[in-house]
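Colleague: Sequence first, then the predicted structure:
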Amino acid sequence: MVIPLYIFLIIYLALIFVCLVYLFFNFYHLFKFGSLDKETVFASFLFLAILTIIVFCSYQEIVKINWRQPIFSFKIPIEKIEIELPNINKIEFRFPNINIDFKK
Amino acid sequence: MKPRRSLLQLDFGEKTILFLHRHPFIFFKKFLGHLIFSSLPFLIYFILKIYFPSVLENKIIYPLLVLLASLWLIFMWISLFNSWIDYYFDLWVVTDKQIIDVEQAGLFNRTLSKQPLSRVQDVSVESKGFFATIFRYGNIYIQTAGAKERFIFWNVKDPYEVAQKINKLVRNTIEVEKK
């Protein structure tokens, strides 16, 4: 079983979506109850401009990364598992026909 | 920088005398705090680059750091915008008839209190601290005989002048009512 790196990208995008919803409510609040004067428009423009720069820079870095690479993969050779214990005799397991050898 | 008139629910023909926000320095302090916190990802990046360069070459940790830094910056920036909206909608209005206190506590929580000028009993001013003295801002406490006994104008610009104007308005209102 392989867990790819893009799992984190999906979580990231989900959080960005939450941020966008929050942002939408901020703007809704601002334009519903505030007047559309110079300061409001300037502050909104400045905010959106810098947010766009942050998103653009993030995108530039994100596209460079290979998101298909695995974080880790579970590959257990179940045919043969060897367990070595320093002071105890070597125990050997074999699958599917389990043979336990106690070597002295 | 004014919210809509409908937000204040003014009577017809009511004149706005004072329109007060917190001093801009109060927002500047928040801005500075956000700026310091926003610089954290860059600081961490330089520390890692100098002391632990192998972390930045790691194919798993580096992408995670990129996502975290991006989220952090976006979150901080939206939070600053939210603080600005909070600052923008926190206001105190003195009209020729009443005082209005609009307090924005979060995005969906706003309280609006009103009190006629004739009910104002006492106006006092407090300006303490180094920055408050330098930038001339402070709190104005207005004692009233209404349900909300005390109105506090937090960190408004030129508090002494504002208090003087309110006192004058209160005196005029009481004189008019006596006649």
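Modeller: It's in.
Colleague: Now do stretch B:61-74, average pLDDT.
Modeller: On average, the pLDDT along stretch B:61-74 is 94.
Colleague: Buried residues, the longest helix seen in chain A. List them.
Modeller: Looking across chain A with DSSP state H, the single longest helix is helix A:6-33. Using 16 or more other C-beta atoms under 10 Å in any protein chain shown as the test for burial, helix A:6-33 gives A:Tyr6, A:Phe8, A:Tyr12, A:Ile16, A:Cys19, A:Leu23, A:Asn26, A:His29, A:Leu30, A:Phe33. No exception for glycine: its C-beta is placed from N, CA and C like everyone else's.
Colleague: Phi, psi for B:Asp90 please.
Modeller: With angles defined as degrees, to the nearest 10, B:Asp90 sits at phi -80, psi 110.
Colleague: likewise B:Pro116?
Modeller: Torsion angles, degrees, to the nearest 10, at B:Pro116: phi -60, psi 150.
Colleague: could you pull out the helices for chain B?
Modeller: B:5-8, B:24-38, B:40-51, B:53-57, B:61-89, B:130-135, B:159-178.
Colleague: is chain A contacted by the second one?
Modeller: When you say that, I think you mean helix B:24-38. No - using C-beta under 8 Å from any C-beta of the partner chain, helix B:24-38 never reaches chain A; the gap is at least 9.4 Å.
Colleague: Taking their axis directions, that helix and helix B:40-51 sit at what angle?
Modeller: 40 degrees (axes from the mean of the first three to the mean of the last three C-alpha atoms, to 10 degrees).
Colleague: Helix B:24-38 - contacts with which helices or strands?
Modeller: Counting contacts by 3 or more C-beta pairs under 8 Å, 6 or more residues apart in numbering or on different chains; DSSP states H and E, helix B:24-38 packs against helix B:61-89.
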